[in-house]
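Trainee: 3D model of this:
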Amino acid sequence: SRARLGLVVFADRSLYEPCAELKPALSQLCALPDKLQLLLHERHPTTRLASETAPAPLEVVDVEHMMALVAEMAFDARRAAELAYSTAPDTAADDTVDGYEAR
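Mentor: Model prediction:
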C-alpha cells in the first residue's frame, strides 16, 4: 500500500513485542507489512493507480541501508542542481533587471 502519513519505524521487533505497555500500539503496527519498499524514481503526485502493481520496488534492509539511500539521493539532487546552475544562461552580463536598467 502507499504511505499516507509517511511514518516509518526502524526497530528490533522482538525486543518490543513482549512489552505490555506497548501492546496496543504494536498490535496496530504489527498488523501492517514489516518491510519498507520504495520506488526510487516515482515522485508525488504519481500517475500510477493504487490498484496497479508497482514495478520492481527496492526493499530497505535496515536503517543503515536507508541512510545510504538518503545520502545517495541527496548527492544526486545536489549534482542535478549544480548541473542546472552551470548550464543556465548567464544573466550577470545583462544590465537590466526585470526590464529596468541597472544604475
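
Trainee: now do the SS call for S51.
Mentor: coil (DSSP: H, G, I helix; E, B strand; the rest coil).

Trainee: which pLDDT value belongs to it?
Mentor: Note on S51: pLDDT of 86.

Trainee: cool, and D90?
Mentor: Model confidence at D90 (pLDDT) stands at 68.

Trainee: hey, C-alpha coordinates of the lengthiest helix in the chain in PDB?
Mentor: The helix spanning the most residues in the chain, taking DSSP state H as the definition, is helix 63-86. Taking Å, rounded to 0.1, in the frame of the first residue of the first chain, the C-alpha atoms of helix 63-86 are listed here in PDB:
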ATOM      1  CA  VAL A  63      18.400   1.800   9.000                       C
ATOM      2  CA  GLU A  64      22.000   1.900   7.600                       C
ATOM      3  CA  HIS A  65      20.600   0.900   4.200                       C
ATOM      4  CA  MET A  66      18.000   3.700   4.500                       C
ATOM      5  CA  MET A  67      20.800   6.200   5.400                       C
ATOM      6  CA  ALA A  68      22.800   5.200   2.400                       C
ATOM      7  CA  LEU A  69      19.800   5.700   0.100                       C
ATOM      8  CA  VAL A  70      19.100   9.100   1.500                       C
ATOM      9  CA  ALA A  71      22.700  10.200   1.200                       C
ATOM     10  CA  GLU A  72      22.800   8.900  -2.400                       C
ATOM     11  CA  MET A  73      19.600  10.700  -3.300                       C
ATOM     12  CA  ALA A  74      20.800  14.000  -1.700                       C
ATOM     13  CA  PHE A  75      24.100  13.700  -3.700                       C
ATOM     14  CA  ASP A  76      22.200  13.100  -6.900                       C
ATOM     15  CA  ALA A  77      19.900  16.100  -6.200                       C
ATOM     16  CA  ARG A  78      22.800  18.400  -5.500                       C
ATOM     17  CA  ARG A  79      24.600  17.200  -8.600                       C
ATOM     18  CA  ALA A  80      21.500  17.900 -10.700                       C
ATOM     19  CA  ALA A  81      21.100  21.400  -9.100                       C
ATOM     20  CA  GLU A  82      24.800  22.100  -9.800                       C
ATOM     21  CA  LEU A  83      24.400  21.000 -13.400                       C
ATOM     22  CA  ALA A  84      21.300  23.100 -13.900                       C
ATOM     23  CA  TYR A  85      23.100  26.100 -12.400                       C
ATOM     24  CA  SER A  86      26.200  25.600 -14.600                       C
END
